[in-house]
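Visitor: With the sequence up front, the predicted model follows.
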Amino acid sequence: MLNWKKIIQAAFTLTLVGCTTPVLNNPNNIHTLISFQGNVQVKKAKWNSFHQVDSVTILSGEDKIQLGSNASVKVYCSDLNQRTVEQPGTYLLSEVCPEGDSVRRLCPDCNNKTRRPLVSTEESLKELPYLISPRYTKVFNESLTIRWNKVSGANNYKVKVEDWEKKTRKNQIVYDGELEPGEFYSVIIVVDNDNKVASTDEDDGWYSNFIVLEGEEAKILREKVAQIKQQELSQEQEGLILAYFYQENELNFEAIQVLEKLVKSGSKTATVYQLLGDIYRQIGLSLMAKKVYQQGLALTAKEDKSGVKVMMQWGLGEVQYLLGNRDEAVEWLEKARANYLALGKQLDEKEEKLINQVLGRD
């Protein structure tokens, strides 16, 4: 029998390697358009035309912004500095944000889409105490609150983290055991009822684990977080930038906490919901992703051509497919494909493959 824990640890470690070292002069360095006034349009490298900005937008150095008269934008650059553009014209982001000494970048290997998908029906998932956090993430060496799905009829839950074990009637508990830097930990939650279902029943515990940051890595990341928090940013701007930073460095636990707080505060920024839905989806929380995508799409109901909207449509299509809702998956993926084409973006090979799978063409 294969040792699934060793397999997960190896895959998890490979995913994380190389995601925190700054990359200089990299077209994947990311910049956040945090505020704008007037006629401001964006053209991403894979689009063939400009489209109106409608929300906080993540851009790479290869993307362009176009300002009309009396328009202005503020960009939070990958070097953690803010820059304002107020003159009409068309600008390459690498011109607005110098590419040197960047610490924020796209990470193609982080939260990658080739990770093992969880395929479970909504009904079966609702009966499992699946782990919500800390789930498939790096964490700082500090006290953690472990959360899981509340199961109807559960008398109590038994929570195990390696040799640490406790019981609770709630669906969360503070882990007060020891955490060793660089160590891998698995989490198991068992429901005390007739069925004795466990969180690992979801998919052999593939996502029910976390890794503690090494001391030097944790120090560097904390310094960057402090630098972000020292900027003159609104609560929502700071939250989004922190969430992207955490996600880029595979700190999904921290990113989810920040974004969930913004959602609970009543955020009207669609990008908040898109990013939170993406992280949920990428770590196997399909039910939670479905809910937050639906919330975000409700905010974009009046917008026809929106990059954020189409990403949420695609994400919702993916999770509907993983939840066994084929008809709904077809509907959302076809909407997303049509809107991607309207934005001038062609689907890549993986996206076309998914649509063909959903439509039964494979």
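Guide: The structure has been received and is ready for your questions.
Visitor: now the end-to-end length of stretch 86-97.
Guide: End-to-end distance for stretch 86-97: 14 Å, by C-alpha to C-alpha, to the nearest Å.
Visitor: actually stretch 340-360, not the one I wrote
Guide: Termini of stretch 340-360 sit 22 Å apart (C-alpha to C-alpha).
Visitor: and it, what's its mean pLDDT?
Guide: If you average the pLDDT over stretch 340-360, you get 80.
Visitor: Show me what counts as buried in it.
Guide: Neighbour counts using 16 or more other C-beta atoms under 10 Å place 340, 343, 345, 347, 351, 354-355, 358 of stretch 340-360 among the buried residues. C-beta here means a position set from N, CA and C on the backbone, and glycine is covered the same way.
Visitor: which residues in the stretch 101-250 of the chain form helices?
Guide: 122-126, 215-229, 235-248 (DSSP state H, counting those that start in this stretch).
Visitor: and the residue nearest to residue 172 when sequence neighbours are not counted, what is it in contact with?
Guide: Spatial nearest neighbour of residue 172, excluding adjacent residues (C-beta to C-beta, 6 or more residues apart in numbering): residue 147 at 4.5 Å. Taking C-beta atoms under 8 Å, 6 or more residues apart in numbering, we find residue 147 in contact with 131-133, 171-172.
Visitor: Same check on residue 285?
Guide: 130, 132, 135.
Visitor: remind me which residues of this structure are low pLDDT?
Guide: For the chain, applying pLDDT under 70 flags the ranges 1-28, 99-120, 193-196, 199-205, 304-305, 361-362.
Visitor: sorry, back to before: among the contacts of residue 147, which are in strands?
Guide: The strands, defined by DSSP state E, take in 131-133, 172 from the contacts of residue 147.
Visitor: top of these by neighbour count?
Guide: Counting neighbours by other C-beta atoms under 10 Å, residue 131 comes out on top of these with 28 neighbours.
Visitor: from the middle of its chain, how far away would the longest helix along the chain be?
Guide: If you go by DSSP state H, the chain has its longest helix at helix 326-343. Relative to its parent chain, helix 326-343 has a centroid offset of 21 Å by C-alpha atoms, centre = their mean, to the nearest Å.
Visitor: Could you number the chain from 17 rather than 1 from now on?
Guide: Will do, 17 is the new start, and the previous item becomes helix 342-359.
Visitor: domain parsing for this protein?
Guide: 46-112, 138-231, 248-374 (automatic domain parsing).
Visitor: Turn those domains into JSON lines, including distance to residue 240.
Guide: Shown next, in JSON lines, are the domains of the chain (distance: least, C-beta to C-beta, whole Å):
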{"stretch": "domain 46-112", "distance to residue 240": "7"}
{"stretch": "domain 138-231", "distance to residue 240": "13"}
{"stretch": "domain 248-374", "distance to residue 240": "7"}
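Visitor: which stretch among those comes nearest residue 238?
Guide: For those, proximity to residue 238 was assessed by C-beta to C-beta; domain 138-231 is nearest, at 7.5 Å.
Visitor: Inside helices: which ones of the buried residues of stretch 356-376?
Guide: 356, 359, 367, 370-371, 374.
Visitor: what's the most distant pair in those residues?
Guide: Using C-beta to C-beta, those reach their maximum pairwise distance at 359 and 374, which is 21.0 Å.
Visitor: name the element residue 82 belongs to?
Guide: Element membership for residue 82 (DSSP states H and E) is strand 80-83.
Visitor: How far away from the center of its chain is that strand?
Guide: With C-alpha atoms, centre = their mean, you get 26 Å for strand 80-83.
Visitor: which among the ones in helices among the buried residues of stretch 356-376 gets closest to residue 90?
Guide: Lowest distance from residue 90 to these (C-beta to C-beta) belongs to residue 359, with 23.5 Å.
Visitor: residue contacts, the closest one?
Guide: So residue 359 contacts 63, 65, 67, 321, 323, 326 (C-beta under 8 Å, 6+ apart).
Visitor: cool, and residue 286?
Guide: Contacts for residue 286 (C-beta under 8 Å, 6+ apart) come out as 70-71, 312, 315-316, 322, 324-325, 328.
Visitor: hmm, try it at 7 Å
Guide: Residue 286 makes contacts with 71, 312, 315-316, 324-325, as judged by C-beta atoms under 7 Å, 6 or more residues apart in numbering.
Visitor: how far away is the most centrally placed residue in the chain from residue 347?
Guide: The centroid of the chain falls nearest to residue 295 when counting by C-alpha atoms, centre = their mean (2.5 Å). Relative to residue 347, residue 295 is positioned 24 Å away (C-beta to C-beta, to the nearest Å).
Visitor: cool, and residue 353?
Guide: Look at residue 353 and residue 347: by C-beta to C-beta, they are 11 Å apart.
Visitor: For the two, indicate the residue with more neighbours.
Guide: Taking neighbours as other C-beta under 10 Å, residue 353 and residue 347 compare with residue 353 leading, 20 against 15.
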